[in-house]
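J.: How does the following fold in three dimensions:
(one chain, ligands or ions: 2)
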Amino acid sequence: MKLDTSPIAAIATAPGRGGIGVVRASGKSLAPLIDALFPGTRLAPRHATYLPFKNAGGEVIDEGLALYFKGPHSYTGEDVLELQGHGGPVVLQMLLARVLEAGGESGLRLAEPGEFTRRAFLNDKLDLAQAEAVADLIDASTEAAAKSASQSLSGAFSQVVHKLVDQTINLRMLVEATLDFPEEEIDFLEKSNARGQLAIIIESLEHVFRQAAQGALLREGLNVVLVGQPNVGKSSLLNALAGAEVAIVTPIAGTTRDKVTETIQIEGIPLNIIDTAGIRTDEGMDVVERIGIERTWGEVGKADVILHLLDASLGPSAADEEIVRAFPQGVPVLRIWNKIDLSGHKASIDAAADATHLYLSANEKLGIDLLRAELLRIAGWQQTGESLYLARERHLIALRAAREHLELARQHAMQDDQSLDLFAEELRLAQDQLSSITGQFTPDDLLGVIFSRFCIGK
Ligand code: GDP
Ligand code: ZN
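T.: Numbers count the residues shown, from 1 in each chain. Ligands and ions are numbered 1, 2, ... in the order given. Next up is the predicted model:
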């Protein structure tokens, strides 16, 4: 991503048709742009002005509202101009083209993905965790995910991280001050209760980690793969879990040829469920079926859990034994016996040595609640009632690394020949990890990666 600070513009609303559409511009000074667009008109900051939007020749393209935010009191911390017109793709393109033309002399160019938010970060309007929460709020796939993204956006997550950083800095300063007076080093750990302070930091870090890990679950969801012979009821089970008709259910074997990915939610956790092509091993398959089967195995390797579906009224087939042999190591398998209405089994769950067996009926909606509860258990979901932070994998890695450094610090403090300089060094490393979450200590290339995943106009 270019780091030049020339003014930028982009369409800020989603592509397609809508009631209104917004073209947004940001720059250190947008006065030349505003003069060119609306000669002789003064736009009062934070007031909506109803205006015709005209092209260079004076013809009206659209009319709508102009909103002007004078920096630093804006999203990006720079001057921001928002033009709200009608939300059609052509009219918005014309409006954007007009803005780029009118701002041409002041160096205005098209914004790159995430560039508005990156400027907000660079101008200290948002820290990095908050900036990431902007993208996560936009991408949230469930209401619970949106709520916790909004928690992070409001700075709640950043605040607890800052508190950990401050506590670590305080302890570090104490230790480093002692390092200058070697004769006092011996008693230092006792007198200052450094071990007790460290224990408190580790405890709060673990608490934050748990909330962040639950939040990450809301963001990432659980990848679930449905496998099984044709006609065992994979599509029916998906529908029963989703509570809506999302996959084609037919009584003819082999109808779900392409994989169907459907995100459903259980208690707000997105389950990315892939209903696979029925796995058949006979020779009579056509090309489409073969491709579907290859894809199926590709997905199974990436799954968090495999749901292996069987027909309880028929029992396992030779092909099922082959499927089981092909399962990748380390991915938990739930063996689901469907159609208990035909077999006479009771809805139940049984953790056996080979796998957890679950008896249910997709059609009769028997045992579906057992399956939902088991999926939540596998996901590691705990209803805490606490507000969660919509954390990213990156945050969890940093929190984990910080915890390791604090543990090492604890070990240095435990040894008989306590090593205060190693203790201090581990505190410093823990602090760097924590600071990378909010972006006080984040390499530029990582920033580039983070912001490039935003949409244009955000
Ligand atoms: P898939 O090929 O594995 O996706 O199987 P489908 O979901 O398309 O279902 C195949 C057939 O089995 C359909 O006729 C379903 O109505 C039927 N079926 C699915 N679940 C049940 C069940 O719990 N009980 C009974 N009796 N039939 C079921
Ligand atoms: Zn199917």
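J.: hmm, stretch 366-373 touching ligand 1?
T.: No: Stretch 366-373 lies out of reach of ligand 1 by CB under 6 Å from any ligand atom, never closer than 7.6 Å. The way it works is simple: take the backbone N, C-alpha and C, and place the C-beta from them, glycine included.
J.: CA atoms only: put that stretch into CSV for me.
T.: Extracted in CSV, the C-alpha atoms of stretch 366-373 (Å, rounded to 0.1, in the frame of the first residue of the first chain):
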residue,chain,number,x,y,z
LEU,A,366,-35.1,-36.2,16.9
GLY,A,367,-31.7,-35.7,18.6
ILE,A,368,-30.9,-32.5,16.7
ASP,A,369,-30.5,-30.7,20.0
LEU,A,370,-27.9,-33.3,21.1
LEU,A,371,-26.0,-32.6,17.9
ARG,A,372,-26.1,-28.9,18.4
ALA,A,373,-24.9,-29.2,22.0
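J.: Give the buried residues for that stretch.
T.: Using 16 or more other CB atoms under 10 Å as the test for burial, stretch 366-373 gives 366-368, 370-372.
J.: One more: stretch 440-450?
T.: Buried, per 16+ other CB under 10 Å, within stretch 440-450: 442, 447, 450.
J.: Look up which helix or strand the second one falls in, please.
T.: Following DSSP states H and E, one finds L447 within helix 444-452.
J.: can you list the residues that contact that helix?
T.: Helix 444-452 is touched from outside by 1, 112-115, 117-118, 121, 128, 131-132, 394, 439, with contacts defined as CB atoms under 8 Å, 6 or more residues apart in numbering.
J.: Rounded mean pLDDT for it, please.
T.: On average, the pLDDT along helix 444-452 is 79.
J.: Just give me how far it sits from the chain centre.
T.: The chain centre lies 15 Å from the centre of helix 444-452; the measure is CA atoms, centre = their mean, to the nearest Å.
J.: can you check stretch 441-454 too?
T.: Taking CA atoms, centre = their mean, one finds stretch 441-454 lying 15 Å from the centre of the chain it belongs to.
J.: For the remainder of this discussion, apply numbering that starts at 26.
T.: Let's use 26 as the start, then, which means that last one is stretch 466-479.
J.: Enumerate the residues of the stretch 376-483 of the chain near ligand 1.
T.: Counting by CB under 6 Å from any ligand atom, the residues of the stretch 376-483 of the chain near ligand 1 are 386-389.
J.: which of those tops the neighbour count?
T.: Ranked by neighbour count (other CB atoms under 10 Å), these have A387 at the top, with 26 neighbours.
J.: that older thread, so of the buried residues of stretch 391-398, which two are at opposite extremes in space?
T.: L391 and R397 (12.9 Å; CB to CB).
J.: list residues touching both of the two?
T.: With CB under 8 Å, 6+ apart as the test, L391 and R397 reach no residue in common.
J.: could you point out which element follows the worst-scoring helix or strand of the chain on mean pLDDT?
T.: One helix or strand of the chain scores below all others by mean pLDDT, DSSP states H and E: helix 312-326, with a mean of 64. Moving toward the C-terminus from helix 312-326, the next helix or strand (DSSP H and E) is strand 330-336.
J.: residue ranges for the strands of the stretch 226-375 of the chain, please.
T.: Remark: strands assigned in the stretch 226-375 of the chain by DSSP state E, counting those that start in this stretch are 247-253, 285-291, 294-300, 330-336, 358-363, 373-376.
J.: Those: which one's closest to S173?
T.: strand 294-300 (11.3 Å).
J.: what residues does that closest one touch?
T.: Contacts of strand 294-300 (CB under 8 Å, 6+ apart): 166-167, 169-170, 242-243, 245-251, 259-260, 263, 266-267, 272, 281, 284-290, 324, 328, 400-401, 404, 406.
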